[in-house]
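Q: Next come a sequence and a model predicted from it.
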Amino acid sequence: MTLVLAIVVPLVAAFLIPVFHLARKTLPVSLIGIMGLISLSASMAAAYAGWFSPEVSLLGGWAPEIGIVLVADRLSSAFLLITGIGSGAALACALEKFGGGPWRFYAIFFLLLGSMNGILLTGDLFNLFVFYEIFSVAAYLLVAFSMSWQALEAGLKYLVLGTIGALFILLGTAFTFMATGILNMALLSEALVSVPRETLTAISACLVLGLTIKTGAFPVHFWLPDAHSSAQTAVSALLSGVLVKVSIYALMRVCFLFFLETNGTVFLAITVIGSLSALGGHLMALRQDDIKRLLAYSTVAQIGYILIGVGCASAAGAAAAVFHSFNHMLMKMGLFIAAGNVSDEKGTREICKLTGLWKEKPFWVLGFTVLSAAIVGIPPLNGFMSKWFIILSSAGAGTVIPALVIAAGTVISAAYYLRVLSAFVSPGESDQEDPFKSSPRKVRSKIVSLTIVGSFAMFCLALGIMAFSPFSREYFSSIGRTAVDVGAYVGLVTGR
Amino acid sequence: MNIRPFLFRITALFLCAFLGVMLFRGIAAMPPKESVTGPAAHYLERASRETGARNVVGAILFDYRAFDTLGESTVIFTAVCGISMLFSRRKFHRSSSGLSFIAKRGIGIMAPFLIMYATVIILFGHISPGGGFQGGTIFATVTVLLCVVFGSSFESSYFPPKTKESLESGGALLFCGIGLVGLAAGTGFLSNLSAGFPAGREGSLLSAGTIPLLNIAVGMKVGAGLSAIFYSMIKMLDTTNDYREGGPIR
């Protein structure tokens, strides 16, 4: 019962916002905050239900074969938690920055939230595509929201590549439906065994290619750096922290359900894409002068790590991938919020001009330092732990090269994050008095954003320490076991 | 001589050919089907009994897979939101004066019939081919015609953007509200006959439980949405003279 509310409540909030706007020009911040809280508690309720007792809800009361089902197991719950925390933080930042003025922004935000929950909960391949459409259109619009020409160009680029990705997903869905006549994912995982090999190759190529474009992995990543760097701060954080993870969930779910027993090559392909992505992303990030582009390329690399975990096709790999997704959400959202606020106040995004910040804004720099230490992988922090688990499971799956790529990537990422940090702590221009220098723009203090960055940094430390205890490791590995246990998923949906 | 574009095209050609061959092999390998199997057979056999709708496509769209329809119409809602966001910065609005007198009179006579046609398509969606999407599109066509023939300010005085917005949101909320009735009845979101909606006599106007209501909701959403998209864009075209190139549109 609670599952459908996680999707419908945000959608209803989005439909209500225009109605409220007709009554009042500027929406009160508290109204949007309350709607956000209600939506997030609905998705948390679904996550809670799915975590402790896997739940299926039949929409319209129809059986899984003829209707649409929503399924929540531990994998979807983990990702619901990621999107819940991430979108909550992004909404808080956006409310602090924009107030209640841009009502269409919030309408699109709630549509995005509802569609993300839809992707995470649906058990139907075509329904997945439908929610992907809402998700993508909303994401293009959020990128273009600031209406500068860079943002419009980035939005258009994202639109073109995203549409190609959606086309491949639709093609894969159509092939699947032609070959089997069903759309329910649990039933498909049984039916695909008897599909001819050539057809299965076409299906897997289309679905994996489409979903890879949506995740923004290396060979098809062109849209990601532009979109993530030219959007508003809150949107960049949301894109890098949350949206990419939703696509990773879809990739994990589809690949584990459909191809774990039928087509092992898919996982080899994912490992190769992941390794390329990790190396390519890090090398491109090394060359960037724009701090937000640097963070965006770093996202490409981190997606590579997660994909390497997925490509292990084992419970340990899946668990490590989910753990790294969670960590990356915390780290990258915090980094984007910190970098965005700092560069807004300085009026530039060039790293070499972001100097003297340690004196002006010590808390922001401190938060950025902890988070970048986490993402580079300094031992007691969570980034180290999840990378370690990915390396372990990758080596355990018999592929050493991806593990080496992760180790090499760590060195490269240390190089470019240290460059940013050394700019932050170097003495700034304000030390030499320059009478002609225009005074920096006055920006309201961002207490909420700072709190979010600080708490995410604390969370990173806490998660890193928690990962040492066998008790919490057991929690994470149970996600991985759920992800690869196709039989349990099928049994849950069909009731057998 | 610059050879790079040429190489690029050749590579693209080979990639496309490879993709085409692979997809074709995928289709060729499928065993031919003699009869309809799976859910399709179920729909054909039992749709009218289980949903009360004579139009099987309508029954699938608005009952078996109604959740997909909610999603699809939400895509339109999102697109409308975005387009009006992207094109909303215009302060001064100049409308074209429209076409000739003959065209205006002609559309004046035709418009009521078009609106009636759209209404029939929506209301009879569960009995005959048609439904909310199709009827809504026809309704949007009427407003598009008014825009083109009479100029956009005439159209916006008849169908103000605010009315469209509230119609669109109202349709969406109606859809969700009907769905929540099913949830409250304990039979699942968007459930139809099982939630106690009357099936009526098959083939009559008042039959098939929620399907006509959902058709109306989708018709409102789609009609108002598409017409709002067109209005935003033509408003942009009408005022294209004072559009500054390059800089931000705001």
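A: Yep, that arrived. Numbers count the residues shown, from 1 in each chain, chains lettered A, B, ... in the order given.
Q: pretty sure A:Ala94 contacts A:Leu112?
A: No. Checked against CB atoms under 8 Å, the pair A:Ala94 and A:Leu112 is beyond contact range at 11.7 Å. In short, each C-beta sits where N, CA and C put it, glycine included.
Q: got a pLDDT number for A:Cys445?
A: Small correction: residue A:445 is Ser, not Cys. Looking at A:Ser445, its pLDDT stands at 68.
Q: er, A:Asn117 I mean
A: You'll see A:Asn117 listed with a pLDDT of 93.
Q: Return the residues in contact with it.
A: A:6-7, A:10, A:43, A:46, A:80, A:83 (CB atoms under 8 Å, 6 or more residues apart in numbering or on different chains).
Q: What residues does A:Thr176 make contact with?
A: Counted by CB under 8 Å, 6+ apart, A:Thr176 has contacts A:125, A:183, A:188, A:192, A:203, A:207.
Q: I'd like those residues as CSV, with pLDDT, secondary structure and distance to chain B appended.
A: As requested, those are arranged in CSV below (pLDDT from 0 to 100; DSSP: H, G, I helix; E, B strand; the rest coil; distance: CB to the nearest CB, whole Å):
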residue, pLDDT, secondary structure, distance to chain B
A:Leu125, 92, helix, 11
A:Leu183, 89, coil, 8
A:Leu188, 90, helix, 11
A:Leu192, 87, helix, 13
A:Ile203, 91, helix, 7
A:Leu207, 92, helix, 12
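Q: what does the helix or strand of chain A with the lowest mean pLDDT rub up against?
A: Lowest on mean pLDDT, DSSP states H and E among the helices and strands of chain A sits helix A:357-360, with a mean of 80. With CB under 8 Å, 6+ apart as the contact definition, helix A:357-360 has outside contacts at A:342, A:346, A:364-365, A:424-425, A:427-428, A:430.
Q: Can you list which of these are found in strands?
A: In strands, defined here by DSSP state E, there are no members of the contacts of helix A:357-360.
Q: how about the residues you listed in CSV, adding pLDDT?
A: What follows is these, written out as CSV (pLDDT from 0 to 100):
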residue, pLDDT
A:Val342, 86
A:Lys346, 80
A:Trp364, 88
A:Val365, 89
A:Phe424, 87
A:Val425, 86
A:Pro427, 81
A:Gly428, 71
A:Ser430, 56
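Q: Quick check: the residue of the stretch 101-250 of chain A nearest chain B.
A: A:Ala202 (2.9 Å; CB to the nearest CB).
Q: ok, the contacts of A:Thr176 vs A:Ser449, which is closest?
A: For the contacts of A:Thr176, the minimum distance to A:Ser449 (CB to CB) is 37.7 Å, reached by A:Leu207.
Q: count of neighbours near that closest one?
A: 25 (other CB atoms under 10 Å in any protein chain shown).
Q: show me what contacts the residue lying closest to it once chain neighbours are set aside?
A: Leaving aside its sequence neighbours, A:Leu207 sits nearest to A:Gly172 (CB to CB, 6 or more residues apart in numbering or on different chains; 3.8 Å). Shown in contact with A:Gly172 (CB under 8 Å, 6+ apart): A:202-207, A:210.
Q: Please apply the same query to A:His221.
A: By CB under 8 Å, 6+ apart, the contact list for A:His221 reads A:277, A:280-281, A:300.
Q: again, 6 Å this time
A: A:Val300 (CB atoms under 6 Å, 6 or more residues apart in numbering or on different chains).
Q: Now flag whichever of the contacts of A:Asn117 is closest to chain B.
A: A:Ile7 (8.6 Å).
Q: who touches the helix or strand harbouring the closest one?
A: Using DSSP states H and E, A:Ile7 sits in helix A:2-23. Applying CB under 6 Å, 6+ apart, the external contacts of helix A:2-23 come out as A:27, A:35, A:39, A:42-43, A:45-46, A:49, A:57, A:70, A:72, A:103, A:106-107, A:110-111, A:113-114, A:117-118, A:121, B:162, B:165-166, B:169, B:172-173, B:176, B:189.
Q: In stretch B:180-191, which residues are buried?
A: Buried residues in stretch B:180-191, counted by 16 or more other CB atoms under 10 Å in any protein chain shown: B:180-183, B:187-191.
Q: Check for me that the residue nearest to A:Leu207 belongs to a helix.
A: Yes. According to DSSP: H, G, I helix; E, B strand; the rest coil, A:Gly172 belongs to a helix.
Q: Chain A contacts on chain B?
A: B:22-23, B:25-26, B:29-30, B:37-39, B:42, B:64-65, B:67-68, B:71-72, B:74-75, B:78-79, B:81-82, B:85, B:162, B:165-166, B:169, B:172-173, B:176, B:187-191, B:194, B:248-250 (CB under 6 Å from any CB of the partner chain).
Q: Can you flag the buried ones in these?
A: For these, buried by 16+ other CB under 10 Å: B:23, B:26, B:29-30, B:38-39, B:42, B:64-65, B:67-68, B:71-72, B:74-75, B:78-79, B:81-82, B:85, B:165-166, B:169, B:172-173, B:176, B:187-191, B:194.
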